[in-house]
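K.L.:
Below are the sequence and a predicted model for it; my questions follow.
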Amino acid sequence: MKILSLGHSSYILEMIPEGRKPVRILADPWLSDYLIGDLMGRFPRLELDLSALQPIHAIYLSHSHTDHLDPYSLLKLRQLEPAPTLLLPQSLQYLEPLLKEHLPEFEIMRLCQGLELDLHGLKIGAFFNPELRATNEDDVMVLTAETHEEVFIGEGDALMPLYDPAARQTLADRFSRDGVQTACFLTVKNEGDSTMNMLAAEDGEQRKELLGQSIEATYTELFDIYSPLDDEADPLWGNPNLVRIITGQGICYPQALNPDYNRILFPIRLEDRVRMEREVAEQFDCGHSIEELVPGQLHELSDGKLRSISDPEGVTVLDKEEERHFDPESQLARDFPTGPLLEDRRDTGGQRKLIGDCLQNRFLPWLIGSRTPPVEHLLAAAGGEYRIRVRYGTSEDFEETDYLLSFFRLSLEAAESSGKPDESYWANDLDDVLAGRADEFSLCCREPLEGETQRLWRCLGLPYLNNDLIEKKLRLHFERAARGESIAAWAEPYWAGVGCVPEQ
């Protein structure tokens, strides 16, 4: 088994079915320098010679987030010969017409829960995360690939509930099947959680405090993963033929921005995560090995171990890891604008209708149904009223409207602005999300408005509730890419006010 890391969550898996040629699957190809949704850059950036990476027999798309399903990258991959098969989760079936329109050469093979498929002699399949709690990545399908002697499971962003005995046993059964000599569990135990904490820091002191919280949270998670569930030998972590390989979420501020920003974003990097995980696993006498998936490197596994890491042909890494080493003493602080992503004047009448409909028919049912917390407790804790404030206009000229939910009227009704809001948004940003021009991750280059939480924003990121918004967003960028427009030309104008160098 070979795994070539292309950075972030992207990799090429190679396995050899009995008596057949190697089969190669490219997973989650986000190969652009920028991200559609949150406008951030990728780290490290890579330069690929696709001709040297062929053949690629299939492209696996784990879910709909654009660091996994990137129209700009997919259109570049049309130059592959022969055209690969798209391995598409059944949760993304609604995107099939769009994908067929823009990638007509690619056959689509639908991955369905519990269904095994044949890919040039390689047995593949997929399953949904058994985690019961709602997340913004519930459309992820975990990839499985098997030969008689090897088993691969790519968890991706699913983050399975390894604190649950049934989830551990399910994985253990796959990895310990008769005849298996090498089992690989590839997971994205990412840098993202601690990075998002750092985005909230206003200065060095708060950064140090948040660093301590991130380290504590990571160890808590690791003890949940590795603590024995009973007095018996652990069927998953006791497997000496299992290699747990960890890759990271390589997202950063754009390299064209002040590079010092990236020295305050990554307190727990990939190598740190691997070290911490080994430390905890050793405490519980686990039998498996834990390895880092190094960006731009080819990893070869055999007989239950990582045997080599080497430089592959066709991949050039453009950034070095030391360029973003965390500096807790940095005096750099966020200095981003307070305003909507796009500062243009719009038809506020149309916006009011659009946002009012979204609040009443999309957000309120979710708020009541999610029960996190139950709406009666939410209202009681807020004195009987829950207030969402929307600013219509620009940072220089705006007016505010509150939308009020109360025991007196269980609907989000427009009201005069008063007191402190529970949530607060720019109308332009909500407008752009509803039109597919932005998404839940798009505000990392703007200071947030006053508010205790962002439940509405979180609601707009849930895949099953908002698949129409996902389709709009992906269609917009497939059409841009088809016209030859670049992702850089899309992302860089948003950063113009904070020192990003425009594309020449």
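P.N.:
Yes, it's here.
K.L.:
so what's the closest residue to residue 440 other than its chain neighbours up against?
P.N.:
Closest residue in space to residue 440, ignoring its immediate chain neighbours: residue 461 at 3.3 Å, by Cβ to Cβ, 6 or more residues apart in numbering. The C-beta positions use only the backbone N, C-alpha and C, and glycine is treated the same way. Shown in contact with residue 461 (Cβ atoms under 8 Å, 6 or more residues apart in numbering): 136, 439-441.
K.L.:
Reformat those as TSV; add neighbour count.
P.N.:
What follows is these, written out as TSV (neighbours: other Cβ atoms under 10 Å):
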residue	neighbour count
136	20
439	25
440	20
441	20
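K.L.:
and residue 12, bridged to which residues?
P.N.:
Beta-bridge partners for residue 12, by DSSP bridges, are residue 4, residue 26.
K.L.:
ok, now which ones touch it?
P.N.:
Residue 12 is in contact with 3-4, 6, 24-27, 53, 56, counting by Cβ under 8 Å, 6+ apart.
K.L.:
ok, now how distant is it from residue 216?
P.N.:
To residue 216, residue 12 is 36 Å away according to Cβ to Cβ, to the nearest Å.
K.L.:
Could you check the pLDDT of the residue located most distally from the centre of the chain?
P.N.:
Using Cα atoms, centre = their mean, the residue of the chain lying farthest from its centre is residue 408. It sits 39.3 Å away. On the pLDDT scale, residue 408 is placed at 93.
K.L.:
With adjacent residues omitted, what lies nearest to it?
P.N.:
The shortest distance from residue 408 to any non-neighbouring residue, by Cβ to Cβ, 6+ apart, is to residue 384 (7.8 Å).
K.L.:
Got the phi and psi for the one you found?
P.N.:
When read as degrees, to the nearest 10, the backbone of residue 384 gives phi 90, psi 0.
K.L.:
ok, so of the contacts of residue 461, who is nearest residue 309?
P.N.:
Proximity of these to residue 309 (Cβ to Cβ) peaks at residue 441, which lies at 31.4 Å.
K.L.:
How about the closest one, nearest residue that isn't a chain neighbour?
P.N.:
residue 38 (3.2 Å).
K.L.:
And that neighbour, how far from residue 188?
P.N.:
Distance from residue 38 to residue 188, counting by Cβ to Cβ: 16 Å.
K.L.:
repeat for residue 269
P.N.:
Counting by Cβ to Cβ, the gap from residue 269 to residue 188 is 14 Å.
K.L.:
Of these two, give the one with the bigger neighbour count.
P.N.:
Applying other Cβ atoms under 10 Å to residue 269 and residue 188 shows that residue 188 carries more neighbours, namely 23 against 19.
K.L.:
Test my guess that that one contacts residue 157.
P.N.:
Yes: using Cβ atoms under 8 Å, residue 188 makes contact with residue 157 at a distance of 5.6 Å.
K.L.:
Quick check: neighbours shared by those two?
P.N.:
With contacts taken as Cβ under 8 Å, 6+ apart, residue 188 and residue 157 have residue 9 as neighbours in common.
K.L.:
As a check, name the ranges of all helices in the stretch 351-500 of the chain.
P.N.:
Assigned helices in the stretch 351-500 of the chain, in chain order: 364-370, 375-381, 427-435, 455-459, 467-482, 487-495 (criterion: DSSP state H, counting those that start in this stretch).
K.L.:
of those, which approaches residue 399 most closely?
P.N.:
Of all the helices of the stretch 351-500 of the chain, helix 427-435 sits nearest to residue 399, with 9.6 Å by Cβ to Cβ.
K.L.:
CA atoms of the closest one as PDB?
P.N.:
Output of helix 427-435 as PDB, limited to C-alpha atoms (Å, rounded to 0.1, in the frame of the first residue of the first chain):
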ATOM      1  CA  ALA A 427     -27.400  41.700   5.700                       C
ATOM      2  CA  ASN A 428     -24.900  41.600   2.800                       C
ATOM      3  CA  ASP A 429     -23.200  38.500   4.300                       C
ATOM      4  CA  LEU A 430     -26.400  36.700   4.800                       C
ATOM      5  CA  ASP A 431     -27.500  37.700   1.300                       C
ATOM      6  CA  ASP A 432     -24.200  36.300  -0.100                       C
ATOM      7  CA  VAL A 433     -24.500  33.000   1.700                       C
ATOM      8  CA  LEU A 434     -28.100  32.500   0.500                       C
ATOM      9  CA  ALA A 435     -27.000  33.200  -3.100                       C
END
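K.L.:
Pull the residues that contact that helix.
P.N.:
Residues outside helix 427-435 that contact it (Cβ under 8 Å, 6+ apart): 340-344, 346, 348, 351-352, 354-355, 358, 390-394, 438-440, 442-443, 456, 460, 469, 472.
K.L.:
Report the buried members of those.
P.N.:
Buried residues within the contacts of helix 427-435, counting neighbours by 16 or more other Cβ atoms under 10 Å: 340-342, 346, 348, 351, 354-355, 358, 390-394, 438-440, 442-443, 456, 460, 469.
K.L.:
Pass me the low-pLDDT residue ranges in the stretch 51-200 of the chain, would you?
P.N.:
Along the stretch 51-200 of the chain, segments meeting pLDDT under 70 span 190-193, 196, 199.
K.L.:
Repeat the analysis, applying 80 as the threshold.
P.N.:
134, 189-200 (pLDDT under 80).
K.L.:
So which residues of it form strands?
P.N.:
58-60, 85-89, 108-111, 117-119, 122-128, 141-146, 150-156, 182-188 (DSSP state E, counting those that start in this stretch).
K.L.:
Relative to residue 143, how far out is residue 432?
P.N.:
Here residue 432 is placed at a distance of 32 Å from residue 143 (Cβ to Cβ).
K.L.:
Residue 317 too?
P.N.:
25 Å.
K.L.:
what's the distance between residue 187 and residue 142?
P.N.:
From residue 187 across to residue 142, the span is 10 Å (Cβ to Cβ).
K.L.:
and if you look at residue 163?
P.N.:
For residue 163, the distance to residue 142 (Cβ to Cβ) stands at 17 Å.
K.L.:
Comparing the two, which shows the higher neighbour count?
P.N.:
Taking neighbours as other Cβ under 10 Å, residue 163 and residue 142 compare with residue 142 leading, 23 against 15.
K.L.:
Surely residue 253 is in contact with residue 40?
P.N.:
Yes: between residue 253 and residue 40 a contact is recorded at 6.4 Å, counting by Cβ under 8 Å.
K.L.:
in stretch 268-281, what's buried?
P.N.:
Using 16+ other Cβ under 10 Å as the test for burial, stretch 268-281 gives 268-270, 272-274, 276-278, 280-281.
K.L.:
Quick one: residues in contact with stretch 470-483.
P.N.:
36-37, 64, 66, 69, 71-72, 75, 94-95, 98, 101-102, 435-437, 439, 463, 487, 490.
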